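Student: Test case, fold it:
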Amino acid sequence: MIPTEDIIPIVKNTIAASIKCNTHRGYIGWSSCDNICMDMHDCLDMCAETLEMRGYMVALEAATYILVSGVKLASHADSSSGMLTDVIMCTYELIDKCTKEIDKKDKQMRDQALALIIKEAKKSVFDGWTDWRYELLKSGICLCDEKSAKKFEKVLDTLLEISREDYFPEYTKKEDLIVRYLLHRHLYGKKNTQKELYQNISINELRIIAINDAMEEKNYDEAEKLCLEKANAEN
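Tutor: Numbers count the residues shown, from 1 in each chain. Next up is the predicted model:
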């Protein structure tokens, strides 16, 4: 078993060495990208073991490093095999597991983890990868209390302001509305945020949440209505 304090240096060195070995004349082809992805999967396995050993913050920091490395790779490597996307999705799953465990701990650790997620999500490597940036931010929602949520929303405000210069600012706006709703739902509960949910019901992700809520409450007429509205709009 690898000591917890060695995990982050090993992850960093493994990924750096893999990228160097698989870069040929400044280019990373699809088979080379797959080689790097296999090494990243090995790093994820180490992180998962660290999480089981209750090294929560170390596992989270290492996982976010793998995520950022994967996003960087997506910008300049041939990732057409789909293996890189698989690595990134697996990394999000691990990050979620980390934050759910950290959510059970003291406020100091929760705030530390949230600060790490915000710092990573603000990095320029996520420019052009809006959905991945906001997916990372979603994983930090469970760590928020009302005080830290204010800082979280200020970050959202900044990202939204910057996105106005993008070619498709409406895409960031959609992701922003989803994350804000999930944050408010976490803080105040689904009943107190139902109005916000229905104000943005045109967003597929939020409509699905509304349908699931209606099904849980056995309000099948409402669930059917929400489904039919979407089906009729597409027709």
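
Student: Low-confidence regions, this structure specifically.
Tutor: Along the chain, segments meeting pLDDT under 70 span 1, 235.

Student: What segments of it are strands?
Tutor: For the chain, strands defined by DSSP state E do not occur.

Student: From the contact counts, what lies against the helix of greatest length in the chain?
Tutor: If you go by DSSP state H, the chain has its longest helix at helix 30-52. Here helix 30-52 touches helix 7-21, helix 56-76, helix 83-102, going by 3 or more C-beta pairs under 8 Å, 6 or more residues apart in numbering; DSSP states H and E. Bear in mind the C-beta positions are built from the backbone N, C-alpha and C, glycine included.

Student: Could you figure out how far it is turned away from helix 83-102?
Tutor: Counting by axes from the mean of the first three to the mean of the last three C-alpha atoms, to 10 degrees, helix 30-52 lies at 10 degrees to helix 83-102.

Student: can you give me how far helix 30-52 is from the chain middle?
Tutor: 18 Å (C-alpha atoms, centre = their mean, to the nearest Å).

Student: any residues touching that helix, and which ones?
Tutor: Applying C-beta atoms under 8 Å, 6 or more residues apart in numbering, the set of residues contacting helix 30-52 from outside is 1-2, 4, 7, 10-11, 14-15, 18-19, 21-24, 28, 58-59, 62-63, 66, 69-70, 73, 77-81, 83-84, 86-87, 90-91, 94, 97-98, 101.

Student: And stretch 6-23, by the same measure?
Tutor: 2, 28, 32-33, 35-36, 39-40, 42-43, 46-47, 50, 55, 58-59, 61-62, 65-66, 69, 73.

Student: Filter those down to the buried ones.
Tutor: Buried by 16 or more other C-beta atoms under 10 Å: 28, 32-33, 35-36, 39-40, 43, 46-47, 50, 55, 58-59, 61-62, 65-66, 69, 73, out of those.

Student: ok, now how distant is the closest residue to residue 177 other than its chain neighbours from residue 173?
Tutor: Spatial nearest neighbour of residue 177, excluding adjacent residues (C-beta to C-beta, 6 or more residues apart in numbering): residue 200 at 5.1 Å. As judged by C-beta to C-beta, to the nearest Å, residue 200 and residue 173 stand 10 Å apart.
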